[in-house]
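Chemist: Got a sequence here, can you build the structure:
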Amino acid sequence: RDRSEHFALPPSMGIDKHRKGCDYRDIKINRQLGYGRAATKGGPMWVDDLANDDACVNYSVKAILVGRNNKTKELVNLRQSEYSIRVIPTFFDLVSGQKRDCSGELELLVRESESSIAKLESVKKRYDEKGYFTSEDLELDVSRSKERQLLPLPRRVGANSEKTPYAIEMELVYKVEPNWASKLIHRPQQKAGILVGRIRTPNVVLPYRPPILIDHQHRFELKTKYEQENLSRLSQFSSGNSQDLQIELECKPANNSDGKPPNIQSISAELISVTGMSKKAIPIKLSHTALLQKRDEIRTKFQEYANRLDDLQSWFMSHSVNIETPLEQIVPESLHNDVLGIQELQVKINRVPLLVTEINSTDWDSELQRRITVNFEQPPFKKNGVTGPVILPSFKSCMCFRSYIARLKLRMDDGVGVLQLDVPIDVRKAF
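Modeler: Next up is the predicted model:
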């Protein structure tokens, strides 16, 4: 696990309404401003940032004035004050597109969990037979299961495997019969085949935009000379960010079709926000496919593992007097924590519309291939006088994360259908 995940500061997110005796439970978000804040000076700010009600990251600075009692010479707190601050760090690493396939790591964790449960069940079985358990019994069980444990993990070969130069590849199988009117005039062929969409380097980065008033108060021209120099130097690190994405299309017509590739009728996109938080360190980086489609299945499986481990460990501790082998040697504490990290993972999915503009396009060539370049942009803040949500920068830490997917939909004409591409993108604080 990357150690930097334990030290990186996640951005301010949500609000802790239970602090200071629930003093902030009545804060409401002003939809015209995009945030709400406490009436008292130094109180927290609550921004519409798509955070779960149970997920919050808050920062504050607490100052204590300490004096000394003239009689007792003891130190006493004379006065203290706390001031909430908003932290929006800058991450230069790509977060959302970093992990596209987690099947190998997830299967390894499943195998280790099931192996530890099997060991504890074997200990319990032998204890019930003999009334005790020795180290020799454990060595015998380990030697029997070693061959099974050393079997290599199956490699998943698919669209995102290392064998293909494309990071993303999706297919649309279509078959459109000619309408009855054209059949009366002549005998047209059906439109059928496979439309393939490919993306080589989906490193799209959208700029973070704070609420309008906050952004206005932190304009570049209002900063000091030294702050402007620092921001200018930092801007060099983000100069390579791009909001453009190139899509490669290939049409493979069926033998009995008219051989003409379909044209694009419209292009639309939405931003899918994925927020995850766990009470324990999250042991692996789950892919977007796992988070969007299999999160309930994965969490249920690890809940079963956690419950079974708890039951067996409770039995083990109650009979540990007649068991020579320590529990840590059978089930490492780190494995138990990894199981709890997945079991307690809470994921919230939000969807926000994206503006997508086609900025460049080629026609179908002789090999029935074409390229399209699109530009992503967050929609305007103001819509009917209501401010849209604030899209926080992508981040990852050991216990929480925020990542994004741009779901791109290419609607083809003649009733061919929609080719959908899920593209991981990042949101980053710009300078």
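Chemist: Contacts only, for Thr373.
Modeler: 244-247, 358-361 (C-beta atoms under 8 Å, 6 or more residues apart in numbering). The C-beta positions use only the backbone N, C-alpha and C, and glycine is treated the same way.
Chemist: 7 Å - rerun?
Modeler: Thr373 is in contact with 244, 246, 359-360, counting by C-beta atoms under 7 Å, 6 or more residues apart in numbering.
Chemist: Doesn't it belong to a strand?
Modeler: Yes. Under DSSP: H, G, I helix; E, B strand; the rest coil, Thr373 falls within a strand.
Chemist: which residues in the stretch 151-300 of the chain form helices?
Modeler: With DSSP state H, counting those that start in this stretch as the criterion, the stretch 151-300 of the chain has helices at 180-185, 212-217, 225-235, 288-293, 295-318.
Chemist: would JSON lines of those with mean pLDDT be doable?
Modeler: Output for these, formatted as JSON lines (pLDDT from 0 to 100):
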{"stretch": "helix 180-185", "mean pLDDT": "55"}
{"stretch": "helix 212-217", "mean pLDDT": "77"}
{"stretch": "helix 225-235", "mean pLDDT": "83"}
{"stretch": "helix 288-293", "mean pLDDT": "88"}
{"stretch": "helix 295-318", "mean pLDDT": "93"}
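Chemist: Out of these, flag the one nearest Lys130.
Modeler: Nearest to Lys130, of all those, is helix 295-318, at 15.3 Å by C-beta to C-beta.
Chemist: packing partners for the next helix or strand after the closest one?
Modeler: Following helix 295-318 in sequence order, the next helix or strand is helix 327-330 (DSSP states H and E). Contacts defined by 3 or more C-beta pairs under 7 Å, 6 or more residues apart in numbering; DSSP states H and E place helix 327-330 against helix 103-130.
Chemist: how about 8 Å then?
Modeler: Contacting helix 327-330 under the criterion 3 or more C-beta pairs under 8 Å, 6 or more residues apart in numbering; DSSP states H and E are the following elements: helix 103-130, helix 295-318.
Chemist: how about TSV for those, with mean neighbour count added?
Modeler: Formatted as TSV, the helices and strands packed on helix 327-330 follow (neighbours: other C-beta atoms under 10 Å):
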stretch	mean neighbour count
helix 103-130	16
helix 295-318	15
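Chemist: Any chance of a markdown table for these, columns distance to Asn255?
Modeler: Formatted as a markdown table, the helices and strands packed on helix 327-330 follow (distance: least, C-beta to C-beta, whole Å):
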| stretch | distance to Asn255 |
| --- | --- |
| helix 103-130 | 35 |
| helix 295-318 | 39 |
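Chemist: Tell me which of the ones you listed approaches Val57 most closely.
Modeler: Judged by C-beta to C-beta, the one of the helices and strands packed on helix 327-330 that comes nearest to Val57 is helix 295-318, at 21.0 Å.
Chemist: could I have the closest one exported to CSV, CA atoms only?
Modeler: The C-alpha trace of helix 295-318 is given here as CSV (Å, rounded to 0.1, in the frame of the first residue of the first chain):
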residue,chain,number,x,y,z
ARG,A,295,-20.1,-2.9,-4.6
ASP,A,296,-23.1,-4.6,-2.8
GLU,A,297,-21.9,-8.1,-3.8
ILE,A,298,-18.3,-7.4,-2.6
ARG,A,299,-19.5,-5.8,0.7
THR,A,300,-21.9,-8.7,1.4
LYS,A,301,-19.1,-11.3,0.8
PHE,A,302,-16.7,-9.6,3.1
GLN,A,303,-19.5,-9.1,5.7
GLU,A,304,-19.8,-12.9,5.7
TYR,A,305,-16.0,-13.2,6.1
ALA,A,306,-15.9,-10.7,9.0
ASN,A,307,-18.8,-12.4,10.8
ARG,A,308,-17.3,-15.8,10.4
LEU,A,309,-13.8,-14.6,11.5
ASP,A,310,-15.4,-12.9,14.6
ASP,A,311,-17.2,-16.1,15.6
LEU,A,312,-14.2,-18.3,15.2
GLN,A,313,-11.8,-15.9,16.9
SER,A,314,-14.2,-15.6,19.9
TRP,A,315,-14.3,-19.4,20.1
PHE,A,316,-10.5,-19.5,19.8
MET,A,317,-10.0,-17.0,22.7
SER,A,318,-12.4,-18.9,25.0
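Chemist: List the buried residues of the longest strand anywhere in the chain.
Modeler: In the chain, with assignment by DSSP state E, the single longest strand is strand 346-361. The neighbour-count check on strand 346-361 (16 or more other C-beta atoms under 10 Å) flags 347-348, 350, 354, 356 as buried.
Chemist: How far does it sit from its chain's centre?
Modeler: Relative to the centre of its chain, strand 346-361 is centred 15 Å away, using C-alpha atoms, centre = their mean, to the nearest Å.
Chemist: which helices and strands does that strand pack with?
Modeler: Judged by 3+ C-beta pairs under 8 Å, 6+ apart, strand 346-361 is in contact with strand 264-277, helix 288-293, strand 369-377.
Chemist: ok, back up a step: same list (the contacts of Thr373) but as JSON lines, adding pLDDT and distance to Cys398.
Modeler: Output for those, formatted as JSON lines (pLDDT from 0 to 100; distance: C-beta to C-beta, whole Å):
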{"residue": "Asp244", "pLDDT": "90", "distance to Cys398": "33"}
{"residue": "Gln246", "pLDDT": "93", "distance to Cys398": "35"}
{"residue": "Ile359", "pLDDT": "90", "distance to Cys398": "39"}
{"residue": "Asn360", "pLDDT": "92", "distance to Cys398": "41"}
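Chemist: out of the helices and strands packed on helix 327-330, nearest to Asp23?
Modeler: Set against Asp23 and scored by C-beta to C-beta, these come closest in helix 295-318, at 33.8 Å.
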